[in-house]
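**Student:** sequence first, predicted model second:
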Amino acid sequence: MTNTWLIYALGGGWGHLNRALSLGRIAAKERKVRIITNSPYALQINNEGCTVHWIPDKAGVSATCQQVREIILKTRYDRLIVDTFPRGLGGELADILPQLQPIPRILIHRDINPDYVTAKNLRYFVAENYDTVIVPGEGEDLPLANLPNVKHTAPWLIRNAEELPDRISVRSHILKVDPDIKIILVCAAGKASELSLFTQLTLHLQQNFPECAVRILAANCPADFPEALWVSHHPGMECLAAADVVVGGGGYNTVYECAAIGVPLVAFAFERLYDRQAKRASKAYRVENTEEAITTIRELLGRIEARNKLSVPSYINGATKAVHLI
């Protein structure tokens, strides 16, 4: 039995950290799991049984890379699992990985920009430096998905279906909404710089849908914002499952969590250096601006009855299979 897994999960927002926790919390039942992250939200989470090495997001590229190098080279572990960036977010893994030949190295291949793959010759680099590549539910058409050592799973989720709390409890105790009122939940799970956009969107939705309860799910309460409309809860998936419509970005967790629990997602596709949110947002109701979002939400609310608050979602969590593959 392996003793310790080290998961590299650098990147802004919730995405990389949540995906690492989705895997790590299951693996931690039988081994130690350590996660390296620079997410600004790392101090606001339950570590799910994992040890989190937090590098402050304001540390700067050079200092961050140096801390990563020290952790990877000086920590004892039996598996190295790298999320999304084969060479590291700042290229800091490029000369480290060849030194780790006896240790199995696993790449988690979420969708990435093909231009990045070409510019850094990642097909060759991954083939040379990773024993296994796992695609967590992103399909067959990813840039590295046809390498010979690729394995596929369903999307990774922070909660199994049977672990989700019942919707009535979430509505009353966390969202503080009457069971008979429809909920529009704005999920501000991306970059901290996007919070102001989601804040204005929440206020617009409150004005346009007075018959609904509108809430913003965010790590921090926006400045000069009605605190009654703000919810801070991790994992956010528990709140999404209690909503009637979710509005958010086209990030990995938001898209696949909404798909798993069966709640419609109205998604903005934000620009990212490496990710392709526009491609992923096509799985949801993609919109370009606030006006389109309002129109789409109105259409959705007109088509759906209030969700059965006692029904239990059913889905497969690919993180369970991934633990066995690793």
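**Tutor:** Sure thing, it's come through.
**Student:** ok, A242 - contacts?
**Tutor:** By Cβ atoms under 8 Å, 6 or more residues apart in numbering, the contact set of A242 is R167, V170, R171, I174, L175, I183, L185, K309. For glycine as for every other residue, the C-beta is placed from the backbone atoms N, C-alpha and C.
**Student:** could you measure from the first one over to W54?
**Tutor:** When distances are taken as Cβ to Cβ, to the nearest Å, R167 and W54 turn out to be 32 Å apart.
**Student:** F268 is in contact with G250, isn't it?
**Tutor:** Yes - here F268 lies in contact with G250, judged by Cβ atoms under 8 Å, at a distance of 6.8 Å.
**Student:** what do those two both touch?
**Tutor:** Shared contacts of F268 and G250, defined by Cβ under 8 Å, 6+ apart, comprise Q277, A281, R286.
**Student:** reformat those as a markdown table; add distance to A322.
**Tutor:** Formatted as a markdown table, the shared contacts of F268 and G250 follow (distance: Cβ to Cβ, whole Å):
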| residue | distance to A322 |
| --- | --- |
| Q277 | 23 |
| A281 | 24 |
| R286 | 28 |
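**Student:** okay, now the unreliable bits of the protein?
**Tutor:** Regions of the chain meeting the criterion pLDDT under 70 cover residues 1-2, 305-311.
**Student:** how about A154: what's its closest non-neighbour residue?
**Tutor:** G318 (3.4 Å; Cβ to Cβ, 6 or more residues apart in numbering).
**Student:** can you give me the neighbour number for the one you found?
**Tutor:** G318 has 22 neighbouring residues, counting by other Cβ atoms under 10 Å.
**Student:** three-state assignment of Y124?
**Tutor:** For Y124, the assignment made with DSSP: H, G, I helix; E, B strand; the rest coil gives helix.
**Student:** oh, I was asking about H53
**Tutor:** H53 - assigned by three-state DSSP - is strand.
**Student:** do G248 as well
**Tutor:** Secondary structure for G248, judged by three-state DSSP, is strand.
**Student:** that one reaches L197, doesn't it?
**Tutor:** No - under the criterion of Cβ under 8 Å, G248 is not in contact with L197, lying 11.1 Å apart.
**Student:** more neighbours, the two?
**Tutor:** G248 (29 against 17).
**Student:** distance of the residue nearest to that one when sequence neighbours are not counted relative to G60?
**Tutor:** Distance criterion Cβ to Cβ, 6+ apart; nearest residue to G248, sequence neighbours excluded, is C187 at 3.5 Å. Distance from C187 to G60, counting by Cβ to Cβ: 29 Å.
**Student:** more neighbours: which of the two?
**Tutor:** Using other Cβ under 10 Å, the more surrounded residue of C187 and G60 is C187, with 28 against 11.
**Student:** from K176, how far off is the more buried one?
**Tutor:** In terms of Cβ to Cβ, C187 sits 17 Å off from K176.
**Student:** for the stretch 1-150 of the chain, which segments count as helices?
**Tutor:** Remark: helices assigned in the stretch 1-150 of the chain by DSSP state H, counting those that start in this stretch are 15-27, 61-74, 114-119, 122-129.
**Student:** actually the stretch 151-300 of the chain, not the one I typed
**Tutor:** Using DSSP H, counting those that start in this stretch, the helices of the stretch 151-300 of the chain run over 167-169, 195-208, 237-240, 252-261, 277-281, 290-303.
**Student:** possible to save these as a markdown table with distance to R79?
**Tutor:** What follows is those, written out as a markdown table (distance: least, Cβ to Cβ, whole Å):
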| stretch | distance to R79 |
| --- | --- |
| helix 167-169 | 37 |
| helix 195-208 | 35 |
| helix 237-240 | 26 |
| helix 252-261 | 22 |
| helix 277-281 | 27 |
| helix 290-303 | 42 |
